[in-house]
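Peer 1: Structure, please.
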Amino acid sequence: MSKVKSYLSLIKFSHTIFAMPFALIGFVLGLFSTSYHPFIGAWLNKNGAYQWDLNHSLGWAWENEVAADSFLWKLMTRGDTSAYPLIAWNFLLVVLCMVFARSAAMAFNRYLDRKYDARNPRTAIREIPSGVISPGHALLFTILSSLLFIACTFFINRLCFYLSPVALAVILGYSYTKRFTPLCHLILGLGLSLAPIGAYLAVTGQFAILPILFSVTVLFWVSGFDIIYALQDVEFDQSQQLYSIPARLGKARALRVSELLHLISAAAVVFAGYYGQFGLLYWVGAMIFTGMLVYQHTLVKPNDLRRVNLAFMTSNGIASVLFAIFVVADFFITIKR
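Peer 2: Numbering: from 1, shown residues only. Presented below is the predicted three-dimensional model:
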């Protein structure tokens, strides 16, 4: 049991609170904002505009798979509860994908950074440098989690299955980036930004502008707060020749970069609201999300990092959860109208 707890601590499920709410947004958008028309081979969005279907264009579309998605959407809009088991199964697969992807990414990061973690007083207590988990077991756990992630995508649809190695390349590749680029924060943001578009693809099997806008929101939001988190290791990163924006620019200028990235994230939230023609609840959620971005920047100063964890974990967790609640609630209200 203690060994199981050690692996669970390695994963840090608490960090999934950042991406999971946005995955929920993407999933709900996929359920309600599109409908497939098999006779013309295209998707019709709620504004009446046809969108490109990647599966169909590349010849990957599987007629039974596409019909199931359309059937699920139609049942939901008619209030037929027989669709709920299908929706629950699809959502479970999405959650499992996120869990296994997160597990692989965290375990691989701990494996790859084990020597640096042992030298850094802040990270020396982590599982591998403290001897709780061996490097070999961490690597094996990474491989197993990656295979389970790919297996789950196989049961979702073909497009998700074919794109799963790309997703793994991004989330695993992040761990290498601190060795050669200060833009590593953006790669981390890119990895988590796959949540809304990935969940949307799981339901629809095609790309659309609105979930991509939410992915842009996550990309710059995560990149911004990861810069804040990296402020703790500026001196260590410089001594070990590791790359980060704080180590490259200094704490004060790094905070300005973080503010710029969060400004872009807030702009993406606003643009998504207008593009998706959301209602009042969405804008309440957008105000809360933007307000929490501003709030976390009041907590951290270049010469005062005592509240970094409050800025990193608490404020961002509240921002993502509350934003998702208001977005999903707004969408259900709009559908009922």
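Peer 1: So what does P302 have for phi and psi?
Peer 2: Dihedral pair for P302: phi -60, psi -30, per degrees, to the nearest 10.
Peer 1: Which residues are in contact with it?
Peer 2: With CB atoms under 8 Å, 6 or more residues apart in numbering as the criterion, the residues that contact P302 are L231, G250, K251, A252, L255. C-beta: built from backbone N, CA, C; applies to glycine.
Peer 1: do A319 as well
Peer 2: In this structure, A319 makes contact with W221, I288, F289, M292, L293, judged by CB under 8 Å, 6+ apart.
Peer 1: residues of the one helix or strand it maps to that come out buried?
Peer 2: Secondary structure from DSSP states H and E places A319 in helix 316-336. For helix 316-336, the neighbour count (16 or more other CB atoms under 10 Å) marks 316-328, 330-331, 334 as buried.
Peer 1: And for stretch 87-101?
Peer 2: Applying a neighbour-count criterion of 16+ other CB under 10 Å, the buried positions in stretch 87-101 are I87, N90, F91, L93, V94, V95, L96, C97, M98, V99, F100, A101.
Peer 1: Could you do stretch 292-300 as well?
Peer 2: Of the residues in stretch 292-300, M292, L293, Q296, H297, L299, V300 count as buried by neighbour count, 16+ other CB under 10 Å.
Peer 1: just stretch 258-273 next, same as before
Peer 2: Neighbour-count burial for stretch 258-273, with 16+ other CB under 10 Å as criterion, is recorded at S258, L261, H262, I264, S265, A266, A268, V269, A272, G273.
Peer 1: Make CSV out of these and add pLDDT.
Peer 2: CSV is the format used below for these (pLDDT from 0 to 100):
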residue, pLDDT
S258, 96
L261, 98
H262, 97
I264, 98
S265, 98
A266, 97
A268, 98
V269, 97
A272, 95
G273, 94
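Peer 1: Could you dump those residues into a markdown table and include secondary structure and distance to I171?
Peer 2: Listed next are these as a markdown table, based on DSSP: H, G, I helix; E, B strand; the rest coil; distance: CB to CB, whole Å:
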| residue | secondary structure | distance to I171 |
| --- | --- | --- |
| S258 | helix | 22 |
| L261 | helix | 19 |
| H262 | helix | 22 |
| I264 | helix | 22 |
| S265 | helix | 20 |
| A266 | helix | 25 |
| A268 | helix | 21 |
| V269 | helix | 23 |
| A272 | helix | 23 |
| G273 | helix | 28 |
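Peer 1: Any chance of JSON lines for the residues you listed, columns distance to C184?
Peer 2: What follows is the buried residues of stretch 258-273, written out as JSON lines (distance: CB to CB, whole Å):
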{"residue": "S258", "distance to C184": "14"}
{"residue": "L261", "distance to C184": "13"}
{"residue": "H262", "distance to C184": "18"}
{"residue": "I264", "distance to C184": "18"}
{"residue": "S265", "distance to C184": "18"}
{"residue": "A266", "distance to C184": "23"}
{"residue": "A268", "distance to C184": "21"}
{"residue": "V269", "distance to C184": "24"}
{"residue": "A272", "distance to C184": "26"}
{"residue": "G273", "distance to C184": "30"}
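Peer 1: quick revisit: by pLDDT, give me the weakest of the buried residues of stretch 87-101.
Peer 2: Lowest model confidence among the buried residues of stretch 87-101 falls on I87, which carries 79.
Peer 1: May I ask which helix or strand encompasses the residue nearest to the spatial centre of the chain?
Peer 2: Geometric centre of the chain, nearest residue: L192, 2.9 Å, by CA atoms, centre = their mean. L192 is part of helix 184-204 when elements are defined by DSSP H and E.
Peer 1: all helices for the stretch 1-150 of the chain, in order.
Peer 2: Counting by DSSP state H, counting those that start in this stretch, residue ranges of the helices within the stretch 1-150 of the chain are 2-11, 20-32, 54-57, 63-77, 84-112, 114-119, 135-154.
Peer 1: And the contacts of the second one?
Peer 2: Put plainly, it is helix 20-32. Counting contacts by CB under 8 Å, 6+ apart, the residues touching helix 20-32 from outside are 72-73, 76-77, 87, 90-91, 94-95, 98, 195-204, 208, 210-211, 214-215, 217-218, 320-321, 323-325, 327-328, 331, 335.
Peer 1: Averaged pLDDT, it. What do you get?
Peer 2: Averaged across helix 20-32, pLDDT comes to 90.
Peer 1: Dump the C-alpha coordinates for it into CSV.
Peer 2: Taking Å, rounded to 0.1, in the frame of the first residue of the first chain, the C-alpha atoms of helix 20-32 are listed here in CSV:
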residue,chain,number,x,y,z
MET,A,20,-9.5,18.7,-16.5
PRO,A,21,-12.1,21.6,-16.3
PHE,A,22,-11.1,22.7,-19.8
ALA,A,23,-11.4,19.1,-21.0
LEU,A,24,-14.9,19.1,-19.7
ILE,A,25,-15.6,22.3,-21.6
GLY,A,26,-14.3,20.7,-24.8
PHE,A,27,-16.3,17.5,-24.2
VAL,A,28,-19.6,19.4,-23.7
LEU,A,29,-18.9,21.6,-26.7
GLY,A,30,-18.4,18.4,-28.7
LEU,A,31,-21.8,17.0,-27.5
PHE,A,32,-23.9,20.0,-28.2
